[in-house]
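>>> Coordinates only, no sequence provided:
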Ligand SMILES: Nc1ncnc2c1ncn2[C@@H]1O[C@H](COP(=O)(O)OP(=O)(O)O)[C@@H](O)[C@H]1O
Ligand SMILES: [Mg+2]
């Protein structure tokens, strides 16, 4: 199972969610691999300063996931990919081998609109990768705000 965090926009929570998700999956007893595909390398930096032994983190900021996925994931059954921001070749390659793509979006219509391109890319990817499913995940919602309350309507 490959779960990827993707969005054309930076700063939406991809890395934060990827790390937390990998930890939760590992806690359930699965051998888990987190692939840092962002050239910025934030997940790997986190690994360097954390005492994480729960899951493995590797760096792979390359656009060859769809060609080499077995080589990259090895024996790991549960894989989380932290994608770079954008809809470039790395994100395209990731979507071609992903089972579940999670798109974190900030809690405002502007944030949702800025995810239009990645949703288009996911639709295109599905013509080649029929197992791909996508979910929008509202991130950084501040409870009790007007924006927070209106977000579900904006998503629809
Ligand atoms: N749920 C959250 N609540 C508050 N701040 C968050 C949350 N998720 C992420 N952040 C903060 O938002 C910033 C961007 O998050 P990050 O995970 O690096 O996003 P991305 O990987 O999409 O660029 C970081 O400063 C991070 O600490
Ligand atoms: Mg990141």
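Thanks, I have the structure now. Just so it is clear, the structure is predicted and the values come from calculations on it, not from any experiment. Ligands and ions are numbered 1, 2, ... in the order given.

>>> Pull up the gap between the closest residue to residue 21 other than its chain neighbours and residue 119, please.
Excluding the flanking residues, the one nearest residue 21 by C-beta to C-beta, 6 or more residues apart in numbering is residue 80, at 5.5 Å. Where you see a C-beta, it was placed from the backbone N, CA and C, and this is true even at glycine. In this structure, residue 80 and residue 119 are separated by 20 Å, where distance is defined by C-beta to C-beta, to the nearest Å.

>>> ok, now residue 66?
Separation of residue 66 from residue 119 (C-beta to C-beta) stands at 19 Å.

>>> Same question for residue 42.
As it turns out, when the distance is counted by C-beta to C-beta, residue 42 lies 24 Å from residue 119.

>>> Would you check that the residue nearest to residue 21 makes contact with residue 34?
Yes. With contacts defined as C-beta atoms under 8 Å, residue 80 counts as touching residue 34 at a distance of 4.9 Å.

>>> Common neighbours of those two, please.
18, 22 (C-beta atoms under 8 Å, 6 or more residues apart in numbering).

>>> So whatever residue of the chain ends up closest to ligand 2: helix, strand or coil?
Evaluated by C-beta to the ion, the chain has residue 15 as its residue closest to ligand 2, separated by 3.3 Å. Applying DSSP: H, G, I helix; E, B strand; the rest coil to residue 15 yields a three-state assignment of helix.

>>> okay, residue 80 and residue 119: which has more neighbours?
More neighbours sit around residue 80 than around the other of residue 80 and residue 119, counting by other C-beta atoms under 10 Å; the figures are 30 against 18.

>>> and the next element down the chain from the longest strand along the chain?
For the chain, the strand with the greatest residue count under DSSP state E is strand 78-85. Proceeding C-terminally, strand 78-85 gives way to helix 89-95 as the next helix or strand, assigned by DSSP states H and E.

>>> So what sits opposite the residue nearest to residue 21 in the bridge?
Here residue 80 shows beta-bridge partners residue 3, residue 34, assigned using DSSP bridges.
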